[in-house]
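J.: Sequence first, then the predicted structure:
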2 protein chains.
Amino acid sequence: MPQESSPAIAALVKALEALPGYGPRSAQRAAFFLLSPKRRGELQALRQALADAETKVHRCPRCRTWCEGAVCEICADPSRDASLLCVVETVQDQMALEKSLNWPGLYFILGGRLSPMDDMGPTEIGFPELLVRIEEGLAENGLREIVVATSYTPEGDATAYYLMGAVKKRWPQLRITRLARGLPSGLEVEYTDLATIAAAIEDRRQIG
Amino acid sequence: MPQESSPAIAALVKALEALPGYGPRSAQRAAFFLLSPKRRGELQALRQALADAETKVHRCPRCRTWCEGAVCEICADPSRDASLLCVVETVQDQMALEKSLNWPGLYFILGGRLSPMDDMGPTEIGFPELLVRIEEGLAENGLREIVVATSYTPEGDATAYYLMGAVKKRWPQLRITRLARGLPSGLEVEYTDLATIAAAIEDRRQIG
């Protein structure tokens, strides 16, 4: 049995098992897939990509997204409105906002949300770095608004209110907002959950 | 956007996309999972495992399974009955047979099945190597039976009959068998497919 007699295959199966969505059987399938002589190119490409990710990719010192240069492309873009700073939980959230093509400002990536159960406190979600970033933004770029783009979940709410309170205490002049809450595009009112409908009624906007 | 602005991240997502069961979104999720500072160990383990798989693992020269030594553990095991040779399609099939704990002989791994549509002919499924292996077995170990353990699918049937004909022509004294076909354990007759029931009737065995 190759898997038991070859420590290299056993280690490969175990390493693949750590990937999201993979279990013991799918990891074994992927290992034999990569071992197949026809797939030598895929194996080498993945090994090289992992090595490059490890050595070349680092966090942008300004916004904490992943980048390869001194700062990321967005922070380096002079056409961005540096007076607006959007605070997101993850790089994936940042990518979703960017794809909406509707955010003219810069970003700051927390890298998580407040969650005492998972040992995620203010330090773990980059709060000290956020304060430094706000200080810089106020001194250099006329920062005037922080959008806290956390989700409307208990932990997203806690994160938003913690940041709001702590920032307001230091800089009362800063405007702090959250993303609007309401009906999602394309979903019938009938099928929208009640908490969302309640929020959409409360935040209703005048159209005429 | 890190994925577009970092070629290293784009290459990692593309390499992960090649894995079985992964698509663009799951590959992106896995890439960010591996980039997370908390997962540096997983990233390094996977990179190292891929490098080891590439350099340490090779085919056993006797049976063509994966191994790290000169020959695999099964071929090197003197307690195995070398007069019995089981021909399987894949290493996964060999592992399934081994787990059944019911095969006392040796193996030969074809690495595929005859399939003209996929350009899999006798050379692609290691038929020349099988002939050499049979010749050696006859000369050294008193080989007397070949079990063709291909599945009961059109391609498995074609592979079995091709091997049977070609081996019989060269060595008429060799016994050639296939795995029995019949009801699977634990499945009600009612829910068994008709082709299997027909085969089980034809191959019925006397029990009293």
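T.: Arrived safely, thanks for sending.
J.: And chain B, is stretch A:120-133 touching that?
T.: No. Using CB under 8 Å from any CB of the partner chain, stretch A:120-133 stays clear of chain B, with a minimum separation of 10.2 Å. (Each C-beta comes from the backbone N, C-alpha and C, glycine too.)
J.: what's the span of that stretch, first residue to last?
T.: Terminal residues of stretch A:120-133 are spaced 20 Å apart (CA to CA, to the nearest Å).
J.: Show me which positions of stretch A:26-45 end up buried.
T.: For stretch A:26-45, the neighbour count (16 or more other CB atoms under 10 Å in any protein chain shown) marks A:26-35, A:39, A:42-43, A:45 as buried.
J.: Rank those by pLDDT and give me only the lowest.
T.: pLDDT is lowest at residue A:39 among these; the value there is 89.
J.: So the closest residue to residue A:104 other than its chain neighbours versus residue A:138, what's the distance?
T.: Closest residue in space to residue A:104, ignoring its immediate chain neighbours: residue A:81 at 4.5 Å, by CB to CB, 6 or more residues apart in numbering or on different chains. Distance, residue A:81 to residue A:138, by CB to CB, to the nearest Å: 15 Å.
J.: What of residue A:182?
T.: Distance of residue A:182 to residue A:138, given as CB to CB: 31 Å.
J.: buried stuff in the strand ranked longest in chain A?
T.: Using DSSP state E to define each element, chain A has its longest strand at strand A:81-88. By 16+ other CB under 10 Å, the buried positions in strand A:81-88 come out as A:82, A:83, A:84, A:85, A:86, A:87, A:88.
J.: Taking those residues together, which two end up most distant?
T.: Greatest spacing in the buried residues of strand A:81-88, by CB to CB: A:83 and A:88 (17.6 Å).
J.: Tell me which stretches of chain A form strands.
T.: For chain A, applying DSSP E gives strands covering A:58-59, A:66-67, A:81-88, A:105-109, A:145-148, A:175-178.
J.: want to try TSV for those, with distance to residue A:168 as columns?
T.: Shown next, in TSV, are the strands of chain A (distance: least, CB to CB, whole Å):
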stretch	distance to residue A:168
strand A:58-59	27
strand A:66-67	30
strand A:81-88	14
strand A:105-109	17
strand A:145-148	10
strand A:175-178	6
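J.: now these in JSON lines, with mean pLDDT?
T.: As requested, the strands of chain A are arranged in JSON lines below (pLDDT from 0 to 100):
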{"stretch": "strand A:58-59", "mean pLDDT": "92"}
{"stretch": "strand A:66-67", "mean pLDDT": "92"}
{"stretch": "strand A:81-88", "mean pLDDT": "94"}
{"stretch": "strand A:105-109", "mean pLDDT": "95"}
{"stretch": "strand A:145-148", "mean pLDDT": "92"}
{"stretch": "strand A:175-178", "mean pLDDT": "91"}
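J.: out of those strands, nearest to residue A:17?
T.: That would be strand A:66-67 among the strands of chain A, by CB to CB, at 24.4 Å.
J.: show me where chain A has helices.
T.: Using DSSP state H, the helices found in chain A span residues A:2-5, A:7-17, A:24-35, A:40-56, A:73-76, A:91-99, A:127-140, A:154-170, A:194-202.
J.: out of these, deepest packed?
T.: Stretch with highest mean neighbour count among these: helix A:7-17 (a mean of 21; mean count of other CB atoms under 10 Å in any protein chain shown).
J.: What is the neighbour count of the closest residue to residue A:82 other than its chain neighbours?
T.: Of all residues not flanking residue A:82 in the chain, residue A:141 sits nearest, at 3.6 Å (CB to CB, 6+ apart). Per other CB atoms under 10 Å in any protein chain shown, the neighbour tally for residue A:141 reads 16.
J.: what residue ranges in chain A score low on pLDDT?
T.: Residue ranges of chain A with pLDDT under 70: A:1-5, A:207-208.
J.: again, 80 this time
T.: Counting by pLDDT under 80, chain A contains low-confidence residues at A:1-5, A:205-208.
J.: For it, which residue occupies the most central location?
T.: Per CA atoms, centre = their mean, the C-alpha nearest to the average position across chain A is that of residue A:90, at 1.1 Å.
J.: show me the contacts for that residue.
T.: Each residue near residue A:90 by CB atoms under 8 Å, 6 or more residues apart in numbering or on different chains is listed here: A:109, A:110, A:111, A:112, B:32.
J.: measure the second one to residue A:85 for me?
T.: It stands for residue A:110. 12 Å.
J.: With the last one instead?
T.: Separation of residue B:32 from residue A:85 (CB to CB): 22 Å.
J.: quick one, what contacts residue A:43?
T.: Taking CB under 8 Å, 6+ apart as the criterion, residue A:43 is in contact with A:34, A:35, B:50, B:53, B:54.
J.: Report the two of the residues you listed separated the most.
T.: Longest span within these, CB to CB: A:35 and B:50, 10.1 Å.
J.: Overlap of the contact sets of those two?
T.: Common contacts of residue A:35 and residue B:50, defined by CB under 8 Å, 6+ apart, comprise A:12, A:43.
J.: Count the neighbours of the residue lying closest to residue A:121 once chain neighbours are set aside for me.
T.: Nearest non-adjacent residue to residue A:121, counting by CB to CB, 6+ apart: residue A:114, 6.9 Å away. Residues near residue A:114, counting by other CB under 10 Å, number 23.
J.: got the buried residues of strand A:81-88 as CSV, with distance to residue B:191 columns?
T.: Compiled in CSV, these are given as follows (distance: CB to CB, whole Å):
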residue, distance to residue B:191
A:82, 67
A:83, 68
A:84, 63
A:85, 62
A:86, 56
A:87, 56
A:88, 51
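J.: What is the nearest of these to chain B?
T.: Chain B has its nearest neighbour among those in residue A:88, at 12.4 Å by CB to the nearest CB.
J.: surely the closest one meets residue A:103?
T.: No. Residue A:88 lies out of contact with residue A:103 (CB atoms under 8 Å); the separation is 9.9 Å.
J.: where do the contact lists of these two overlap?
T.: residue A:97.
J.: just to revisit the earlier point, find the pair from the contacts of residue A:90 with maximum spatial separation.
T.: Greatest spatial distance among the contacts of residue A:90 (CB to CB): A:110 and B:32, at 14.3 Å.
J.: Distance from the chain centre to the longest strand of chain A, please.
T.: Remark: strand A:81-88 is offset 15 Å from the chain centroid, using CA atoms, centre = their mean, to the nearest Å.
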